[in-house]
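Participant: Predicted model and sequence follow; I will ask about them next.
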Amino acid sequence: MTNITSVVLLGTGNVGTHLAKALTESGIEIRQIYSRSQENAEEVALPKNIQAISDFKEADTSADLWLISVSDDAIPEITGSLPDFDGIVAHTAGSIPLEVLSRFKKSGVFYPFQTLSKERKIDYNDVPFLIEGSDEETTQKLLRLAGILSAKVSRADSALRATLHIAAVLSCNFVNHLYSLSADLLESGGLSFKYLTPLIKETTQKILYMSPREAQTGPAIRNDREVMEKHLKRLENNPSLREIYRLISDDILKYHKQE
């Protein structure tokens, strides 16, 4: 069973850009990088001496793997537009099932379970990679490819990945949105978001050593209605944030009443 040594990368977003760098630095040959925009493809490809393409028909059919790394809603469209291919076709999405690639004989999922931004460097050895394949041989090849990048590689079927993806949205994307709302609130009062930095660091550190349930503090878990009402009153001019505060406070109280 031969390993995957050559890849065509389809997509130049956050995940695609990161994988282009990580795979290249790990000795994997990326033969082409695709984007609908030739300019975007060249921005990622040319610094690494990779061919940039903007037409699926130009995709190298002699590569071992075509790796689709685009937004979730674009995956079905791209899958339907790709030419026939005898190698492995895989996508990098957590919430999209393997079946979307069923027209290909060999297909898989190559999902880096991490929040990725182009401008941030990542230690890939610590990034969990979740793998699924249409057959055992394909699965093994994708597991070995992930193992070149990371020490944390495991199998995960579509149902498990969907659950993990929802949890990731709650704990990462939603939390980051709350940071944004906090930053806006502080800015409106002439304060810097940096005031929250020690608090955020300690909150993050605590849940590495105790469960999130045990780490919960604040007026909602204490059912301190006086404090919460004062907060809600101060948010009267921001009805959207006021409603978020009320809903989450009510849910914290309800959640901890189950204990």
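Facilitator: Thanks, I have it.
Participant: what's the helix or strand for the residue located most distally from the centre of the chain?
Facilitator: Relative to the centre of the chain, the most outlying C-alpha is that of residue 226, 39.0 Å out, by Cα atoms, centre = their mean. Element membership for residue 226 (DSSP states H and E) is helix 225-234.
Participant: Report the distance from stretch 2-10 to the chain centre.
Facilitator: Relative to its parent chain, stretch 2-10 has a centroid offset of 21 Å by Cα atoms, centre = their mean, to the nearest Å.
Participant: got it, and stretch 149-158?
Facilitator: The answer for stretch 149-158 is 14 Å, by Cα atoms, centre = their mean.
Participant: Which of the residues in that stretch are classified as buried?
Facilitator: Buried residues in stretch 149-158, defined by neighbour count with 16 or more other Cβ atoms under 10 Å: 149-150, 153, 156, 158. For every residue, glycine as well, the C-beta is placed using N, CA and C.
Participant: and which of the residues you listed is nearest residue 168?
Facilitator: Among the buried residues of stretch 149-158, residue 156 lies closest to residue 168 (Cβ to Cβ), at 12.5 Å.
Participant: List the residues that contact that closest one.
Facilitator: If a contact means Cβ atoms under 8 Å, 6 or more residues apart in numbering, then residue 156 has 109, 111, 130-132, 164 as its contacts.
Participant: I'd like those residues as JSON lines, with neighbour count, pLDDT and secondary structure appended.
Facilitator: Compiled in JSON lines, those are given as follows (neighbours: other Cβ atoms under 10 Å; pLDDT from 0 to 100; DSSP: H, G, I helix; E, B strand; the rest coil):
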{"residue": "109", "neighbour count": "28", "pLDDT": "97", "secondary structure": "strand"}
{"residue": "111", "neighbour count": "25", "pLDDT": "95", "secondary structure": "strand"}
{"residue": "130", "neighbour count": "21", "pLDDT": "96", "secondary structure": "strand"}
{"residue": "131", "neighbour count": "25", "pLDDT": "97", "secondary structure": "strand"}
{"residue": "132", "neighbour count": "22", "pLDDT": "97", "secondary structure": "strand"}
{"residue": "164", "neighbour count": "17", "pLDDT": "93", "secondary structure": "helix"}
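Participant: Next secondary structure after the host helix or strand of residue 205?
Facilitator: Secondary structure assigned from DSSP H and E places residue 205 in helix 197-206. Per DSSP H and E, the first helix or strand lying C-terminal to helix 197-206 is helix 212-215.
Participant: Output the contacting helices and strands for that following helix.
Facilitator: With contacts taken as 3 or more Cβ pairs under 8 Å, 6 or more residues apart in numbering; DSSP states H and E, helix 212-215 sits against no other helix or strand.
Participant: Just after it, pick out the following helix or strand.
Facilitator: Heading C-terminal from helix 212-215 (DSSP H and E), you reach helix 219-222.
Participant: Need the mean per-residue confidence for that following helix.
Facilitator: Averaged across helix 219-222, the pLDDT comes to 94.
Participant: Tell me which residues are up against that helix.
Facilitator: With Cβ under 8 Å, 6+ apart as the test, helix 219-222 has contacts from 227-228, 231, 248-250, 252-253, 256.
Participant: gap between that helix and the chain center?
Facilitator: Put simply, helix 219-222 sits 32 Å off its chain's centre (Cα atoms, centre = their mean).
Participant: List the contacts of residue 91.
Facilitator: 67-69, 75, 100-101, 109-110.
Participant: How about residue 44?
Facilitator: Contacts of residue 44 (Cβ under 8 Å, 6+ apart): 12, 16-17, 20, 33, 35, 50, 52.
Participant: any chance you could map the helices in this structure?
Facilitator: Here the chain has its helices, by DSSP state H, at 14-25, 38-45, 75-81, 136-149, 158-168, 175-188, 197-206, 212-215, 219-222, 225-234, 239-257.
Participant: Of these, flag the one that's most buried.
Facilitator: helix 14-25 (a mean of 20; mean count of other Cβ atoms under 10 Å).
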